[in-house]
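Participant: here is a sequence together with a model predicted from it:
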Amino acid sequence: MPFQLVIPDDYQHASQACSGLFQHPDIQTTVLGDLQRDPAAPAALARADGLLLIRERTPIDAAFLARYPQLKLISQTGKLARNVDVAACRQAGVVLMEGNGSPIAPAELAWLLMMAARRQLLPAVQGLYAGQWQTSLGRAMHGDTLGILGFGKIGQRVAGFARAFGMQVVVWGSERARQEAIALGYHAADSRADFFSRCDIVSVHQRLAPATAANIGADDLALMKRDALFVNISRAELVADGALLASLQAGRPGFAALDVFEQEPVYDPAHPLLQLPNVLCTPHLGYAEQHSYAQYLGQAFDNVVRYLRGERDHLLAVSA
C-alpha cells in the first residue's frame, strides 16, 4: 500500500499547482484546506502516515499526535518552528525533517506593502471602482529614511531595494547586524530610541525567538513620527500584545502595513486592525508565491522520498 502523505492547511490548494513535484509510485498525496473547515480532514488525517507542513500553519502537539498515533513522520517546509512540539514528536516516535527558505518573495512583499501604503494605493483603487477619481494623495519614498529592525537575508534584500530608490537605510538589531550593516555601507542607529524616532518607515525583519518575542513595545512605537509607517511581514508576536493597535489609534505611528497576525487565519472582517483606515493588511502572503511554494514543497517532498529510501542523515528528531 502506498505511503499516505497529507498536506494540511493548504488554504489556497496551491500545492495542486505543483502536483508534478509529488509523483512517486510509493507515495499517495492528499491535499487538505483549512483543517478547521475542510470536511475531508478527519478521514485523511486518520489514515496519514506522514504530514508535509506548510510553514507554521498546522500546530503539532501531544494532543494532535495522540489523535493520530499512526503518524510516522513530519516534513516541514522551511525551518522547523514553534508550531511543532519536538519533544512530543520524539516521545511519540515521529521523526522530523526540515528544509530551507528563500528571502526573495518576503522581501518583495515588504517593498510592495511600503509602496502601496505610502502612495495610498488601496483607497485610490477602491475609489476608482466606486466611481470616484483621485480620492487620495500619497507620497513617494525617495529621500525618506528606512529603518530595518533585524538584518538577516530578508532585511538585507529590502535594504538593497531602498538604496536603489534613493532612501537612507538605518539598521537596528544585534551587534552583528549593526556591524554588518556598516560594512555594507548602511547606517547603524546610535540607540533603539534613535532608531524608532528618526525613521520615516520601520520594517521588521527579526526572527521570532524567546529573546525577541514582544520586544517591540508601546514605548518604541510612541517614539515614531506621526506620519511614519510601521511594516511587519515577520511575526505579529514580535510586538507586545495590544501595543500596535493602541499606538495606531493614538496616532504614533500614523500608518501600518501588516502581513501577520497573532491568530491566523483571520476570517473576521471586524478584526480591530482591519477596521483602521490607516492600516493596510494582507493575509500572510510573504512566502505564498509560486516559486517559493515550488522550492518549499519540492524540498519537503524530497525529504519524504529520502526517508522511504532508508536515509536517516536528514532527520531532526527520532524516538528515544
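Facilitator: Happy to help now that I have it. What you are looking at is a predicted structure, and each value in this text was computed from that prediction instead of being measured.
Participant: rest of the way, CA atoms for contacts and neighbours
Facilitator: OK.
Participant: skipping adjacent residues, who's closest to the residue nearest to the spatial centre of the chain in space?
Facilitator: Against the mean C-alpha coordinate of the chain, by C-alpha atoms, centre = their mean, the closest residue is S234 at 5.0 Å. Leaving aside its sequence neighbours, S234 sits nearest to H205 (C-alpha to C-alpha, 6 or more residues apart in numbering; 5.6 Å).
Participant: distance of C89 relative to L96?
Facilitator: As judged by C-alpha to C-alpha, to the nearest Å, C89 and L96 stand 8 Å apart.
Participant: correction: the previous question concerned H205.
Facilitator: Taking C-alpha to C-alpha as the measure, H205 and L96 are separated by 26 Å.
Participant: then A228?
Facilitator: From A228 to L96 the distance is 42 Å (C-alpha to C-alpha).
Participant: residues touching the helix or strand that contains A159, excluding its own?
Facilitator: Using DSSP states H and E, A159 maps to helix 153-164. Residues outside helix 153-164 that contact it (C-alpha atoms under 8 Å, 6 or more residues apart in numbering) are 103-104, 106-108, 110-111, 146, 148-149, 168-169, 205.
Participant: now do 7 Å
Facilitator: Helix 153-164 is contacted by residues 103, 106-107, 111, 148, 169, 205 when judged by C-alpha atoms under 7 Å, 6 or more residues apart in numbering.
Participant: now do stretch 226-238
Facilitator: 110, 200-206, 208, 212-216, 251-262, 286.
Participant: please export the C-alpha coordinates of that stretch as CSV.
Facilitator: Extracted C-alpha coordinates of stretch 226-238, given in CSV (Å, rounded to 0.1, in the frame of the first residue of the first chain):
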residue,chain,number,x,y,z
ARG,A,226,3.1,60.9,13.3
ASP,A,227,3.4,60.3,9.6
ALA,A,228,5.7,57.3,9.9
LEU,A,229,4.8,53.8,8.6
PHE,A,230,5.3,50.6,10.6
VAL,A,231,5.7,47.5,8.4
ASN,A,232,5.6,43.9,9.7
ILE,A,233,5.9,40.9,7.5
SER,A,234,7.8,38.8,10.0
ARG,A,235,5.7,37.8,13.1
ALA,A,236,3.0,39.6,14.9
GLU,A,237,4.3,38.3,18.3
LEU,A,238,7.4,40.4,17.9
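Participant: may I see the buried residues of the helix holding A159?
Facilitator: 154-159, 162 (16 or more other C-alpha atoms under 10 Å).
Participant: now that helix: average pLDDT?
Facilitator: For helix 153-164, the mean pLDDT works out to 98.
Participant: next secondary structure after that helix?
Facilitator: strand 168-172.
Participant: how does the chain divide up, domain by domain?
Facilitator: As recorded under automatic domain parsing, the domains making up the chain are 3-101+289-308, 104-281.
Participant: could those go into TSV alongside distance to L315?
Facilitator: What follows is the domains of the chain, written out as TSV (distance: least, C-alpha to C-alpha, whole Å):
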stretch	distance to L315
domain 3-101+289-308	5
domain 104-281	22
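Participant: mean pLDDT for those: which is lowest?
Facilitator: For these, where the average pLDDT is lowest is domain 3-101+289-308, sitting at a mean of 93.
Participant: all helices of the protein, in order?
Facilitator: Remark: helices assigned in the chain by DSSP state H are 41-46, 62-67, 86-92, 104-118, 121-129, 153-164, 175-183, 192-198, 218-222, 243-250, 290-308.
Participant: quick one, strands of the stretch 201-320 of the chain?
Facilitator: Counting by DSSP state E, counting those that start in this stretch, the stretch 201-320 of the chain has strands at residues 201-204, 229-232, 255-258, 279-281.
Participant: mind putting these in CSV, distance to P272 and mean neighbour count included?
Facilitator: Formatted as CSV, the strands of the stretch 201-320 of the chain follow (distance: least, C-alpha to C-alpha, whole Å; neighbours: other C-alpha atoms under 10 Å):
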stretch, distance to P272, mean neighbour count
strand 201-204, 21, 26
strand 229-232, 16, 25
strand 255-258, 13, 25
strand 279-281, 10, 20
